[in-house]
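Novice: predicted structure and sequence below. I'll ask about it afterward.
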Amino acid sequence: MISTQRSEGMHAYFDEFVHSRSTLKQFMKQYDIAFGNKIQKEFVIDFHYKNKIITCITHFPWEKQFQKVYTNLIFRLVQDQIK
């Protein structure tokens, strides 16, 4: 991404929160709100990703046990080995 694209992306992001007549205090307050919203969205996405139950690809009981014991990342590695 070139710097002008990045700059335009940031402008578009902040256009929703500030305008040309915003004071520095208003900008900082809106920036905190925008940044908080961004962080919260990331937490929600992470939560759903980490708590998603991955379906088993076989009917073996040991795969079901791995599904319960391992994290999603490790369980995906186990499934890659099964395939």
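Specialist: Sure thing, it's come through.
Novice: quick one: least confident helix or strand in this protein?
Specialist: In the chain, the helix or strand scored least confidently by mean pLDDT, DSSP states H and E is helix 3-15, which has a mean of 70.
Novice: tell me the mean pLDDT for the next helix or strand after that one?
Specialist: Next helix or strand after helix 3-15 toward the C-terminus (DSSP states H and E): helix 24-51. Average pLDDT, helix 24-51: 89.
Novice: ok, stretch 57-68 next?
Specialist: 93.
Novice: identify the residues contacting it?
Specialist: 53-54, 56, 75, 78-79, 82-83 (Cβ atoms under 8 Å, 6 or more residues apart in numbering). Quick note: C-beta positions are derived from backbone N, CA and C, even for glycine.
Novice: any quick PyMOL command for the buried ones out of those residues?
Specialist: Those of the contacts of stretch 57-68 that count as buried under 16 or more other Cβ atoms under 10 Å are selected in PyMOL with:
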select buried, resi 75+79
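Novice: out of the contacts of stretch 57-68, what pair is the most spread apart?
Specialist: Greatest spatial distance among these (Cβ to Cβ): I53 and K83, at 18.8 Å.
Novice: using TSV, lay out the contacts of stretch 57-68 together with distance to Q67 and secondary structure.
Specialist: Formatted as TSV, those follow (distance: Cβ to Cβ, whole Å; DSSP: H, G, I helix; E, B strand; the rest coil):
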residue	distance to Q67	secondary structure
I53	7	coil
I54	7	coil
C56	6	coil
F75	6	helix
V78	9	helix
Q79	9	helix
I82	12	helix
K83	15	coil
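Novice: hmm, which of the contacts of stretch 57-68 is lowest in pLDDT?
Specialist: K83 (84).
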